[in-house]
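Asker: Any chance you can model this:
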Amino acid sequence: MVSVALTAAISAVLGMPEARMGNALGDVLGLAAAVAVSPLPIVAIIIVLATPQGRLNGWVFAIGWVVGLSALGAVMLLIGGKGGADSHGQPADWVGVLKLVLGVALALFAVRLWRRRPTDVTQAQLPQWMAAIDRFSPVKIFLLALLLSAGNLKNAPLTIAAAASISASGLPVGQQTAALAIFVVIASLGLLAPLGVFLVMGDRAKSVLGNWKEWAARHNVAIMAVLFFVFGLKLLGSGIDVLSS
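Answerer: From the prediction side, this is the model:
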């Protein structure tokens with residue numbers, strides 16, 4: 001019900017027919033939510049906010065994240081163009097094949113992650129490169145955000161799948177761009193939450209963000225594995241539906 005109401009509201013704001021907007025955003029909203037729940041990028045921005053230039057670096061990281069998702073999505077839209085839908089308004093077969101491939105890849109990677117997850121979450125460790133973030137220049141922080149958004153093994157496939165769904169809708173270029181912008185905004189909410197807390201609370205945010213960081217670090221692998229598997233199956237089902245329609 002919430003997603004239906006949200007789609008209707010967005011359609012009204014952008015002046016799109018509700019049915020066409022529903023086709024464009026039916027899968028996109030869920031994929032965007034999956035990108036938003038990204039433990040490592042959230043931990044990374046929390047570390048960035050703890051640097052001496054936390055306010056500046058936090059904004060740089062957020063901008064890099066948005067640019068990375070937007071650029072990857074835009075490239076996919078350019079590849080798909082307005083020919084993503086066939087003469088009957090159904091998604092083209094290449095969209096179904098792409099979703100099948102991405103779904104299989106995500107599901108297999110989920111199984112691998114789950115088998116390698118730490119049995120004791122208190123022993124979970126963050127990647128070694130995170131220890132060097134406090135010495136990164138703003139340029140390196142921007143590049144790191146680009147990598148974690150457009151180059152992330154979870155976020156990249158989900159962003160590509162979302163852009164493919166938008167391309168397959170057959171909407172005009174301007175409306176496809178608007179749909180992609182909605183995806184990027186929703187996909188950035190998880191990352192923007194720590195930044196918002198920091199900007200509002202200042203130094204008082206340290207304990208709150210510290211607790212978020214510890215929880216995300218401990219459960220990162222398990223969360224990622226579950227998300228990979230769930231959305232891998234979702235993409236598989238969506239791909240099969242496209243190819244069988």
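
Asker: out of all of them, which helix in the protein is the longest?
Answerer: helix 205-244 (DSSP state H).

Asker: Does residue 141 touch residue 63 like I think?
Answerer: No: Residue 141 is beyond contact range of residue 63, at 9.8 Å (criterion: C-beta atoms under 8 Å). C-beta: built from backbone N, CA, C; applies to glycine.

Asker: before we move on, back to that, in the longest helix of the chain, what's buried?
Answerer: Buried residues in helix 205-244, defined by neighbour count with 16 or more other C-beta atoms under 10 Å: 205, 209, 212-213, 216-225, 227-229, 231-232, 234-236, 238-239, 242.

Asker: Check which helices and strands that helix sits against.
Answerer: Identification of packing neighbours for helix 205-244 by 3 or more C-beta pairs under 8 Å, 6 or more residues apart in numbering; DSSP states H and E yields helix 28-36, helix 39-49, helix 93-116, helix 155-168, helix 189-201.

Asker: so which of those helices comes closest to residue 134?
Answerer: helix 39-49 (6.7 Å; C-beta to C-beta).

Asker: For that closest one, which helices and strands make contact with it?
Answerer: By 3+ C-beta pairs under 8 Å, 6+ apart, helix 39-49 packs against helix 54-80, helix 138-150, helix 189-201, helix 205-244.

Asker: Tell me what angle that helix forms with helix 138-150.
Answerer: Between the axis of helix 39-49 and that of helix 138-150 there is an angle of 160 degrees, by axes from the mean of the first three to the mean of the last three C-alpha atoms, to 10 degrees.

Asker: Return the alpha-carbon coordinates of helix 39-49 using PDB.
Answerer: Taking Å, rounded to 0.1, in the frame of the first residue of the first chain, the C-alpha atoms of helix 39-49 are listed here in PDB:
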ATOM      1  CA  PRO A  39      26.700  -1.300   5.900                       C
ATOM      2  CA  LEU A  40      30.200  -0.600   4.600                       C
ATOM      3  CA  PRO A  41      29.400   2.700   3.000                       C
ATOM      4  CA  ILE A  42      27.600   3.700   6.100                       C
ATOM      5  CA  VAL A  43      30.500   2.800   8.300                       C
ATOM      6  CA  ALA A  44      32.800   4.600   5.900                       C
ATOM      7  CA  ILE A  45      30.900   7.900   6.100                       C
ATOM      8  CA  ILE A  46      30.800   7.600   9.900                       C
ATOM      9  CA  ILE A  47      34.600   7.300   9.900                       C
ATOM     10  CA  VAL A  48      34.800  10.300   7.500                       C
ATOM     11  CA  LEU A  49      32.600  12.400   9.800                       C
END
